[in-house]
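S.K.: Let's see this in three dimensions:
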Amino acid sequence: MAEIKYEIKESIGSISQSPKGWNKELNVISWNGKEPKFDLRDWAPEHEKMGKGLTLTLDEVKSLRDLLNSLKL
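M.R.: This is a model prediction of the structure:
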């Protein structure tokens, strides 16, 4: 399997932490040297390991924001 390269361009914030110390974080990440995208996934404390996640373009983040804002919570 080919090595996946990533660079965290901006750390936006953490939304939760597991009992094992992993954080669910929203970051802007460049994957394999490509255009940075928004990324939501679990990370080990020093970003040495990561869980499965979700990567979104700016337009997708805006659509998600609009959907979340329409919720009656």
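
S.K.: make it CA atoms for all contacts and neighbour counts henceforth
M.R.: Noted.

S.K.: the helices in the chain, which residues?
M.R.: 58-69 (DSSP state H).

S.K.: Can you list the buried residues in the top strand by length along it?
M.R.: For the chain, the longest strand by residue count, based on DSSP state E, is strand 6-17. By neighbour count on 16 or more other Cα atoms under 10 Å, the buried set for strand 6-17 is Ser14.

S.K.: List the neighbouring strands of that strand plus their orientation.
M.R.: strand 23-31 (antiparallel) (DSSP bridges).

S.K.: Which positions within the partner strand qualify as buried?
M.R.: Buried, per 16+ other Cα under 10 Å, within strand 23-31: 23-30.

S.K.: returning to that earlier point: and the longest strand of the chain, C-alpha only, in CSV?
M.R.: What follows is strand 6-17, C-alpha atoms only, in CSV (Å, rounded to 0.1, in the frame of the first residue of the first chain):
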residue,chain,number,x,y,z
TYR,A,6,-0.5,14.8,4.9
GLU,A,7,0.2,18.2,6.2
ILE,A,8,-2.1,19.9,8.7
LYS,A,9,-2.3,23.5,7.4
GLU,A,10,-4.7,24.8,10.1
SER,A,11,-6.0,23.3,13.3
ILE,A,12,-9.6,24.6,13.8
GLY,A,13,-10.5,22.8,17.0
SER,A,14,-11.4,19.7,18.8
ILE,A,15,-15.0,18.7,19.3
SER,A,16,-14.6,15.7,21.7
GLN,A,17,-12.1,13.5,23.4
